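Here is my input, please return the structure:
(3 chains)
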Amino acid sequence: MINKIKSFKKEILEPNLIVLKKDKTALICSIMFIIFILTALFAPLIAPHGPREILISKDGKILSYLRPSFDFLLGTTPLGQDILSQLIYGSRPALVVGICAGLMVATIGTLVGLFSGFYGGRLDNILMWITDIFFGIPFLPLIILLAAYFGASTWNIIIAVGFLLWRDAARPIRSQVLELREREFVQVAEVAGASPFRMIFVHIAPNIFPLSTLYASLSMGWAILTEASVSFLGLGSSTTVSWGYMLHEAFQSQAMGRGAFYWFIPPGICILLLVFSSFAIGRSYEEILIPTLRGE
Amino acid sequence: MLRKTKMAATFTVVTLLIIVVSSGQSLLWGKALPKERQIRTLELYCMPAGEDIEEYRAAVLYANELRKLGLDVKEHPMPYAVGGDYIWRERSRWDMTAWYMTARPERSDPDELLYNGLISTTVKGGYNFYGYINPEMDRLLNAQRAETDIEKRRELIYKIQEMVADDVPVTFTVHRSENFMYNKKIWDPNSIVDQAGIGLRNYWTFVNAKPLTKTKNMIADYAEEERAINPFYISGVVDLWFVGLIFDRLMRIGPDGLPKPAAAKEVKWLDDVTLQVILREGMKFHDGKPVTAEDVKFTFKAIKSGEAPEYEPFAASIESIEVLSKDKLIFHLKAPNVAFLITSLAKISIAPKHIWEPIIEDLKKKPTEDATMIQREVPIGSGPFRFVSWRRGEEIVLEAVKDHYNAPKIDRLIFRKVSIPEVELGQLVKGEINFLSDYRGDPSALKKAAEANDSLVWKNCITLGARFFVFNLRRPPYNDKAFRKALAYVVPRKKIRDVVEHGFTTIADSFVSKALEYWHNPKLPQYEYNIEKAKEILANAGYEWDKKGRLYYPEGKKETLKPAWGP
Amino acid sequence: MNFRYFFARTIRFILSLYIVATIAFFILKLAPGSPLTQFINPYFTIKQVEILKRQFGLDKPLYIQYFRYIVSISTLKFGRSCRYKQDVAGLIADRLPNTLLLVVPTLFMTYIVGVFWGMFAAWKRGSRFEHLSILVVLTGRAAPTFWVGMMAMAVLCFKLGWFPSGGMLSPGAQFHSFWSKMFSSDFLSHLVVPLVTYLFYLIGLPFLIMRNSMLENISKDFITMHRFCGLSKRKIISRAARNSMLPVVTVIALGIGYIFEGAPLIETVFSWPGVGLLLVDAVTCRDYPLAQACFLIIAVSILFMNLLADLLYSILDPRISARRRFK
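All right, here's what the predicted structure looks like:
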């Protein structure tokens, strides 16, 4: 057991840490990511007000549509809600969606890729055909339909995203499994009588772990963008204040025409930074930008 | 002996102490209320911010106030296609909803605004979806329909409004207002008509507007997608404007909200169920054929035949129609209905029989199709404007009919689709449109523009429509009048007016808009925001609060329903 | 030419279409809500509800509705919209050109700019220009498209007033023909901001593929040629560029398909009257036939482009020597 931990540290953790130290971008992004997580965890302590709290002045008037001031660093919405507090609390749904969807995509995609690549034959054909069908389904339009079906809530977005995006992870993982299968150490294990289960999870899986984490981090970014897009279209939850929802409200309230830049710029920047950091943690920008082609 | 007394004394003292302390406890902290009397979580439905941001914000504000009364309230924003379906179909499963009525010229008669929403016959499948059953109200509603003396009718209408204010099946918030703008260098301000409860965009403005410039075209705008131009289909708010201009009607709602003869030169009640209609002479359809009583009879019969299901209720009160001559006909009604002139004759567009008769006959053979699906390429009517061209979702061009009895003073009337408020305003300022007729943005932008430019005239008009919160009277505690009254006292109307409608509207207190000065009852209780009074009403009715402030049913009642969950 | 592969692939395409259509049908039908709500008015009666249900085919049990649906789309009859009461095919045909007018120029510009940019970045390898380019392109991928659109709108349209803030044409603009419309300054001024917004998101793909394949080609040919044939740098670069284009070309087919995916967002932000916006509206109103048809159109274009890409790939495959391996 201790050996396993040691080897994990040596083979996986340390190389990544070294890489992080070398690559400045990855380092900065990791720090940013940690800051977001801390903000989400300690939101109630950091934010001056509740995210949906309607602020009322001493003489009973709602503090509506105020520009930034010392009391309200980012001003207020037309309904008198503090924009800064909303921004801080908005990190919660973003991270929840990102992390959960990312894990879901990585898990499903890895499992599909593992079984498909390892067993080959019929199972492989069927699984890959299913993957292809999912590739053909337009992502955003389906999310729009799913948001209508499940209703507007954060968990539904997570499920919808996880339900679709595993298709991107399955194929490359399958390719790598195919490659690994032919490698010596696996062949040796097979000859030594290891069960398929053992071969898959003990020998092959740890080696595709980096690829899985890559897709987990990419999916995290895609999930956050999707949640923001769906909320922006008005199909997301109105009761959870997410960054996408803030932008939706700003758009509906004609904030751009009004010059309320303090409202519609910060949420977008937060989304950008969080997604960027999750991509950068995945470390390989190539995979971010190139979709996998069929026939691989 | 002393020892025994001591013991007895101590015992008595201790017992007394225990009694005092325990009763004091209940005195101090109130008696523990049984959980079963706790009022369940109540749900308030509204449209989401993306569909109607004003309704959404009003609901959020109201939910906030309700919580101060000790209720656990959840707002449930749902798209209208979902929420509306739910409210309409599952009438016993929802608690409260936000709702509104839009302004249409026909709603200038209070019957339109009151009857279907308050009569008990529509409780099951009709507009009385909140379950208000009051036999006295039924009597009053039917009485006002038959009352030919207008002052006596007004008394009845006043009484109805009082009853609504007292029974509180719904509680009103604000009226909806509309904003218009035009350039007074282009349009003679005296020729722009402000119709009560409708605003500047109305039939009379389009027909009367006098251009002060050389070009005599009015370029107005609309903000919502138009779906059809069809005299037999109520397809949308915007569509009805076009239909109302291309097609003519027997009567029209005048600028004061009262019916005026239009295609009908004269309308006379021969007795309380017989109406004689004499048409104007010389009316022609846009293809040159004359308008006769046969066309009128055909139109109403087509509607009654079921090929125009949305218009059917408006012709429902007609028993039969008799054509006496080319321009004289008699309507026989099933029952007396004073509002018939507005609710029927001022709504139905006269369709040309020579064009539509073969179509209707053909449709009668097809059970799944009806007249609402027919979109004529060139709609032919007999209204003051002739159809010229239509590009869906972009523009519709109409031309004035100069020998119409209400001949417009402009040459052409062009409507352009502009769905973005900033663009609309920009276009008006630049002169690309010269009448801002459907502005759905922030009125303060219009105010600023009018202040910056002297020749721009901005008008804010209170409409016939009102926003209100609806209580489902089928579900306790809403079946308790005291409870409803208390809830009416915590509606933050001023906040809603200031924040939600940017202050450019007025507080509502009745289905009948304040814009209808003749019919609106000025002495209605205002239910001004007063949380103490609300608590007092509840306390007097027996409701109680626990130490956490949560509201409980009065003694003897308990919570029998589960929280209404969504669809 | 592998006919068996062609045939099998085409069959898969058709099957996938039916599966996608089925998914679209069930998701919408099982979703709460109904298209009848917009007919609610004070005079709405139970009888009217029944009539409308019959018209929309909603009175039949679900499996019959499904069967009818599958049969009708197989014969390319998409039914009638609940709201407009007109044939769905006609409504989509009205709007589809608008989406194409947005998407095709965007695709065009993305690939032209992306290819040249990728080329320069490869040439200036290791420079700050290259690092900055990669950063910009990644930001394009990480930033929410609609937000970039909002910012662009705020700056370019409202603050500076250079471009109109939405829609496809100025209201009232008249054109003689489709082509005069496409090339009019009015249309182009409306096109610029949405195009640039969408381009910012899409440019990463062609940029990176071009850059990577250029790097591969430059490192091989550049040194060899330069040494032995004394060819000018420029000639070598241009030859390398031509060779690098091949992977880009195969990716274009995919790009065309996927470009439809982001259309709903862009069209919503800029009120562009296209099929994407129609989809969002139709879903909100539960206008089943219209929503299903919009969804299908988008899915079909993606699936079809994927089919083309696969077929193209299988043809070009043996001929490409410096074939890019995508890991």
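
residues near residue B:455, how many?
Residue B:455 sits with 10 neighbouring residues when counted by other Cβ atoms under 10 Å in any protein chain shown. Using the backbone N, CA and C atoms, a C-beta is placed for each residue, glycine as well.

Look up the closest residue to it, ignoring the ones flanking it.
Distance criterion Cβ to Cβ, 6 or more residues apart in numbering or on different chains; nearest residue to residue B:455, sequence neighbours excluded, is residue B:185 at 4.6 Å.

was I right about that neighbour contacting residue B:457?
No - using Cβ atoms under 8 Å, residue B:185 is not in contact with residue B:457; the gap is 9.9 Å.

returning to what we had before: would you mind measuring from the residue nearest to residue B:455 to residue B:408?
Distance from residue B:185 to residue B:408, counting by Cβ to Cβ, to the nearest Å: 20 Å.

try residue A:247
45 Å.

Show me which of the two is the more surrounded one.
Per other Cβ under 10 Å, whichever of residue A:247 and residue B:408 has more neighbours is residue A:247, with 26 against 23.

I figured that one hits residue A:264, correct?
Yes - look at residue A:247 against residue A:264 with Cβ under 8 Å: they come within range, at 6.0 Å.

got any ranges where chain A has weak pLDDT?
Under the criterion of pLDDT under 70, the regions of chain A flagged as low confidence span A:1-23, A:148-152, A:282-296.

from it, which residue is nearest to chain C?
Nearest residue of chain A to chain C, counting by Cβ to the nearest Cβ: residue A:268, 3.5 Å away.

List the contacts of that residue.
For residue A:268, the residues meeting the contact criterion (Cβ atoms under 8 Å, 6 or more residues apart in numbering or on different chains) are A:243, A:247, C:143-144, C:147-148, C:150-151.

tell me, how many neighbours does the closest residue to chain A within the stretch 1-150 of chain C end up with?
Residue of the stretch 1-150 of chain C nearest chain A, by Cβ to the nearest Cβ: residue C:147 (3.5 Å). Neighbour count for residue C:147, taken as other Cβ under 10 Å: 28.

for it, helix, strand, or coil?
Here residue C:147 is recorded as helix under DSSP: H, G, I helix; E, B strand; the rest coil.

Test my guess that it contacts residue A:275.
No - counting by Cβ under 8 Å, residue A:275 is not a contact partner of residue C:147; they are 11.0 Å apart.

sorry, back to before: neighbour count winner among residue B:185 and residue B:457?
Under the neighbour definition other Cβ under 10 Å, residue B:185 and residue B:457 were set side by side, and residue B:457 has more, 17 against 14.

isn't there a helix covering the more buried one?
No - following the definition three-state DSSP, residue B:457 is strand and is not counted among the residues of a helix.

what's near enough to touch it?
Residues in contact with residue B:457 (Cβ under 8 Å, 6+ apart) are B:181-184, B:189, B:450.

Please repeat the previous calculation with a cut-off of 6 Å.
When contacts are counted by Cβ atoms under 6 Å, 6 or more residues apart in numbering or on different chains, residue B:457 is found next to B:182, B:184.

If we ignore the residues flanking it in sequence, what's nearest residue B:319?
Distances taken as Cβ to Cβ, 6+ apart put residue B:332 closest to residue B:319, at 4.4 Å, once the chain neighbours are dropped.

Can you tell me the SS state at the one you found?
Residue B:332 - assigned by three-state DSSP - is strand.

same thing with residue B:517?
Following three-state DSSP, we place residue B:517 in the coil state.

Enumerate the residues of the stretch 101-250 of chain C near chain A.
For the stretch 101-250 of chain C, the residues found near chain A under the criterion Cβ under 6 Å from any Cβ of the partner chain are C:138, C:142-144, C:146-147, C:150, C:153-154, C:158, C:204-205, C:208.

Now do the helices in the stretch 1-150 of chain C.
In order along the chain, the stretch 1-150 of chain C carries the following helices (DSSP state H, counting those that start in this stretch): C:3-30, C:46-56, C:62-74, C:88-123, C:128-142, C:145-152.

need the ones you listed in CSV with distance to chain B, can you?
Output for the helices of the stretch 1-150 of chain C, formatted as CSV (distance: least, Cβ to the nearest Cβ, whole Å):
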stretch, distance to chain B
helix C:3-30, 11
helix C:46-56, 4
helix C:62-74, 12
helix C:88-123, 6
helix C:128-142, 25
helix C:145-152, 13
